[in-house]
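J.: any chance you could fold what I've pasted below:
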Amino acid sequence: MSNPNKFSFINPKKFPFFYGYVILFIGSIGVLASAPGQTIGISVFTDPVKDALGLTRNQFSNAYMIGTLLSALLVAKAGVWFDTYGARYVAFFAALLLGLSVLICSVSVEISEYIKSLLNFDSWLIPFLLITVLFFFVRFSGQGVLTMASRNMIMIWFKKNRGKINAISSITVSLGFSSAPFFINKLIDNNGWQVSWQIIAICLFIFSLLILQLYRNKPENFNMLPDGDTKGSDDVKVENVETDFTLKEAKKTRAFWMFGFALAFSSFFSTGFTFHVVSIFTSHDYPKNQAIAIFIPISIIAISVSTLCNILSDYVQHKVYLYLMLLSGVLASLGLLLLSNTFGVYLIIIGLGAYSGLFAVVNAVTWPRFYGRKYLGSITGKIMSFLVVASAIAPSLFSYSFTSLGSYIYISYIALAFLLFLIIGSVRVKNPQ
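T.: Numbers count the residues shown, from 1 in each chain. Modelled structure (predicted):
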């Protein structure tokens with residue numbers, strides 16, 4: 001077996017306490033580090049970048065959609081890489097690629113102008129194709145691989161305390177993501193969007209070195225067990241009889257599809273809403289600062305829900321969480337439909353907040369609980385491809401709903417129809433274990 005501690009000065013076995021808590025800390029930071037590849041990190045750059053590249057809102061949204069869809073083709077394969085090579089190397093190369101991608105994004109205007117002069121062809125197609133390719137790398141490495149590898153690593157190091165541990169991680173991630181637009185917006189105001197991306201790239205390069213030092217694939221590589229258990233305990237015996245499902249076996253269960261589609265809906269709605277949040281609110285005569293400020297109460301609700309539900313997840317059937325997610329989706333969809341009224345704003349805040357909180361629980365804790373740890377990468381990689389596809393089509397659908405039909409409310413009708421399908425399809429869902 002290859003040396004699991006290669007390129008690092010830190011030996012988990014020699015730590016004075018269970019190394020899983022270091023994994024919890026650095027893995028949560030790893031999920032946060034994916035922010036430049038998440039919609040919440042890209043959305044702040046939308047207006048200045050599209051204007052600088054000379055693209056319309058629809059063109060920019062389509063570039064985002066195509067780039068994200070292309071990344072979905074590879075993200076499932078990244079789950080197989082995770083099972084083969086582990087979180088450490090997969091996350092390391094993902095952070096490096098994300099840093100390099102945003103660095104190139106910072107000079108995208110210069111590259112676009114150079115290609116135009118080289119080909120003697122002044123067309124919107126050149127910046128469109130360029131930003132599409134860059135979106136592919138940013139979304140694949142950030143939203144896809146770095147997030148998946150970091151979250152799965154935490155879940156692999158814990159079992160009986162998975163819910164409680166994920167509660168701590170979820171609080172950190174929720175606080176970080178909810179505050180990201182404000183910090184990035186401040187960074188752009190002070191330095192411009194190009195320098196801001198360059199600063200982010202440097203931070204990612206530094207973090208990739210921390211990944212090599214602190215990320216570790218699984219406790220068994222160091223003669224350790226999840227939760228810091230010792231051999232011979234009752235919990236270890238339970239762990240040994242847990243069934244590990246392959247991806248092919250998991251796909252034969254109803255739970256895989258219903259939970260996967262429910263998570264994908266969250267990715268679709270929250271991505272589309274976040275990407276166009278300023279436009280959505282201004283179309284109903286709300287000011288820009290109110291549009292951005294809506295993420296604060298959403299994050300408060302998300303943190304509260306995820307904390308409570310993570311702690312209870314060790315005792316509650318996850319089918320309950322599935323139905324709570326779908327109910328939250330209905331509230332958010334109705335909120336978008338009724339946004340012209342203040343009541344609609346409250347529905348969006350409650351619906352998106354609760355859905356985001358439950359998403360953090362289900363997307364991390366449900367998969368190892370339902371399908372075991374051995375093939376966790378390939379299973380969550382496939383689910384991640386659902387999320388990536390959903391997040392890819394959302395900005396364009398939201399955009400065309402507004403530019404072609406004159407309002408964002410038509411998205412609500414699509415969302416409510418899909419949620420009804422999931423509610424009916426989830427009646428017979430059960431834990432495969």
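J.: make it CA atoms for all contacts and neighbour counts henceforth
T.: OK.
J.: residues in contact with Val362?
T.: Phe259, His318, Tyr321 (C-alpha atoms under 8 Å, 6 or more residues apart in numbering).
J.: okay, the last one and Gly260: tell me how far apart.
T.: Just to be clear, that refers to Tyr321. For Tyr321, the distance to Gly260 equals 13 Å [C-alpha to C-alpha, to the nearest Å].
J.: can you check Tyr346 too?
T.: 27 Å.
J.: hmm, back to that, which ones among the contacts of Val362 map onto helices?
T.: Of the contacts of Val362, the ones assigned to helices by DSSP state H are Phe259, His318, Tyr321.
J.: let's have those residues in a markdown table, adding pLDDT, neighbour count and distance to Ile301.
T.: Output for those, formatted as a markdown table (pLDDT from 0 to 100; neighbours: other C-alpha atoms under 10 Å; distance: C-alpha to C-alpha, whole Å):
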| residue | pLDDT | neighbour count | distance to Ile301 |
| --- | --- | --- | --- |
| Phe259 | 95 | 26 | 21 |
| His318 | 87 | 24 | 20 |
| Tyr321 | 93 | 20 | 15 |
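J.: Pro36: which of those residues is nearest?
T.: Phe259 (26.3 Å; C-alpha to C-alpha).
J.: and of the contacts of Val362, the nearest to Asp285?
T.: Proximity of these to Asp285 (C-alpha to C-alpha) peaks at Tyr321, which lies at 35.2 Å.
J.: tell me who's in contact with that closest one.
T.: With contact taken as C-alpha under 8 Å, 6+ apart, Tyr321 is in contact with Leu358, Val362.
J.: pLDDT score for Val241?
T.: What the model reports as pLDDT for Val241 is 57.
J.: what sits against the residue most central in space within the chain?
T.: Here the mean C-alpha position of the chain is nearest to the C-alpha of Gln143 (C-alpha atoms, centre = their mean), at a distance of 5.0 Å. Residues in contact with Gln143 (C-alpha under 8 Å, 6+ apart) are Ser34, Ala35, Gly37, Gln38, Val388.
J.: isn't Leu70 right up against Phe136?
T.: Yes. Here Leu70 reaches Phe136: they are 6.2 Å apart, a contact under C-alpha atoms under 8 Å.
J.: more neighbours: which of the two?
T.: Phe136 (23 against 20; other C-alpha atoms under 10 Å).
J.: next one: phi and psi at the more buried one?
T.: Main-chain torsions, Phe136, degrees, to the nearest 10: phi -60, psi -50.
J.: got the contact list for Phe259?
T.: So Phe259 contacts Leu322, Val362 (C-alpha under 8 Å, 6+ apart).
J.: residue ranges in the chain under the pLDDT threshold?
T.: For the chain, the stretches flagged by pLDDT under 70 are 1-2, 230-241.
J.: if we use 50, what do you get?
T.: 1, 233-239 (pLDDT under 50).
J.: run the chain-centre distance for the helix or strand hosting Ser270.
T.: Under the criterion of DSSP states H and E, Ser270 resides in helix 254-275. From the chain centre to the centre of helix 254-275 is a distance of 11 Å (C-alpha atoms, centre = their mean, to the nearest Å).
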